[in-house]
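In: my questions are about this predicted structure, shown below with the sequence.
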Amino acid sequence: MKIGEQQHAQIAEALGRISRQVPAIAACLVLLLAAGPAVTQQDGKMSLGRLQSGAEVSFTRAVPGEWGIEIAGGSSPRVVQPNPAAIEIYRSSDNIHDFAAGYKSVQKSATGIDAHAEIASGDNTVFRVHDKWAITSGVLSLHRSVEVKGNAPGGFYSAINFSIDPSIGWPDINFMVPGAIYGDPTYDGDRSPGGTLSYKAHHLLMREDILAAPLFAMSFNNGASIAFLDPAPRGDTTEEESKLTKLEMTDARFQFGALGAWQAENGAIDFGFRYPGTIQDFGGRRGEPAVPRWVRRYHPITDGFSQNYQIEFRFGEGESFRELTRDAWRWAWNTLKTPVNYINVEQMRRVLLDHL
């Protein structure tokens, strides 16, 4: 069939219009693709996934331009943190300041969510926090790196903390920390890390290098539980620091953190991990009045200095306290993959008998 000149002109004009519209259509597609994450973030919530307890881990817009974390659902109590990036700055004993910020950006990746925050300490130094959150086999994990930009006197530690729903009080929780406390602290001594004085003060915060495993677990009355663990502990320190004769020290060689739970000023129970391991205890010489003291450990505020550490969070359900103790221990053992240290049993028997 032959096409007339008029029809040919009409077809040519139509093809021209289509060709002119293609770049515009392509540009619209590019804009839509680029706006994908932004559209998700405009909803004010970005879900990471669900834990083995059924609780959902979500990143929520706490304030305009900043993102926090919420863990809610299932039998576990609601857990929140509007400012996941926390830094403490030490100048002197009477000049200590805490800073906290929400994430400026959260972005889904193939393995989880990448989140970024910046904290300016007001002296031309900036702490850049990069957190990678993921859920593997129902367990929530955090891999954090903190980079220092600028130089300043003193030191700092970083922390990841969460607040439990205010309906849960201190007496509603049974704590399990390997070698430190198993529920009732009555027979744990008074000044020990899991002893009666710290428990009555509603403040259990312990260095991971004194524990049989860097694990802290909490059991609730309804069978829910929360346990968190350092899956790659190091524990490096110095001989001087290990004597604990100095309450305040700053050194880049400190490679230990502290885990714990405490009652915050607003009455809520907070829990978390700080690095390096600044703690509060009831140490001191026997015979002297037992008073709380801070043993502060920091990293230097030096341009280019960086921190790197990991924390994993296990949310359980339907566990009695005894079952939590068993399950959390096994989780820690399987995660840490502790090697077997072979010894000469007969030699050890003779040495111990000689000692006795």
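Out: Structure's in. What do you need?

In: so Ala328 sits in a helix?
Out: Yes: counting by DSSP: H, G, I helix; E, B strand; the rest coil, one finds Ala328 located in a helix.

In: what are the phi and psi values at Asp251?
Out: With angles defined as degrees, to the nearest 10, Asp251 sits at phi -160, psi 140.

In: wait, it touches Thr238, no?
Out: Yes: using CB atoms under 8 Å, Asp251 is in contact with Thr238, at 6.2 Å. Bear in mind the C-beta positions are built from the backbone N, C-alpha and C, glycine included.

In: show me where pLDDT drops low in the stretch 251-356 of the chain?
Out: 284 (pLDDT under 70).

In: swap the cut-off to 90 and go again
Out: 283-291, 338-341 (pLDDT under 90).

In: Asp251 and Thr238: which is more packed in?
Out: Legend: neighbour count by other CB atoms under 10 Å for Asp251 and Thr238, higher for Asp251 (17 against 11).

In: residues contacting that one?
Out: Thr238, Glu241, Arg297, His299, Pro300 (CB atoms under 8 Å, 6 or more residues apart in numbering).

In: can you say which of the residues you listed are buried?
Out: Glu241, Arg297, His299 (16 or more other CB atoms under 10 Å).

In: check which helices and strands the strand or helix carrying the last one sits against.
Out: Assessed by DSSP states H and E, His299 sits inside strand 293-300. On a contact count with 3 or more CB pairs under 8 Å, 6 or more residues apart in numbering; DSSP states H and E, strand 293-300 meets strand 85-92, strand 155-164, strand 248-250, strand 279-281.

In: so how far is the following helix or strand past the longest one off the chain centroid?
Out: Later in the chain than strand 155-164, the nearest helix or strand by DSSP H and E is strand 173-177. Computed by CA atoms, centre = their mean, to the nearest Å, the chain-centroid distance of strand 173-177 equals 18 Å.

In: partners of strand 173-177, with directions?
Out: strand 181-182 (antiparallel), strand 215-220 (antiparallel) (DSSP bridges).

In: neighbouring contacts of that strand?
Out: Contacts for strand 173-177 (CB under 8 Å, 6+ apart): 181-183, 193-194, 204, 206, 211, 215-220, 227, 259, 261, 269, 321, 324-325, 328.

In: can you flag the buried ones in those?
Out: So, by 16+ other CB under 10 Å, the buried ones in the contacts of strand 173-177 are 181-182, 193-194, 204, 206, 211, 215-220, 227, 259, 261, 269, 321, 324-325, 328.

In: do I have it right that Glu208 meets Ala258?
Out: Yes: contact criterion CB under 8 Å: Glu208 and Ala258 qualify, at 6.6 Å.

In: overlap in contacts, these two.
Out: By CB under 8 Å, 6+ apart, the residues touching both Glu208 and Ala258 are Gly277.

In: give me the more crowded residue out of those two.
Out: Neighbour count, other CB under 10 Å: between Glu208 and Ala258, Ala258 has more, with 26 against 21.

In: give me the low-pLDDT residue ranges for this structure?
Out: Ranges of the chain meeting pLDDT under 90: 1-44, 62-65, 74, 121-124, 243-245, 283-291, 338-341.

In: can you give me the helices in it?
Out: 5-34, 36-42, 196-200, 239-242, 321-336, 345-355 (DSSP state H).

In: for the fourth one, which positions count as buried?
Out: Read it as helix 239-242. Glu241.

In: any idea how far that helix is from the chain center?
Out: Worked out by CA atoms, centre = their mean, helix 239-242 lies 26 Å from the chain centre.

In: and for that helix, what's in contact with it?
Out: In contact with helix 239-242 (CB under 8 Å, 6+ apart) are residues Lys246, Met249, Asp251, Phe254, Arg297.
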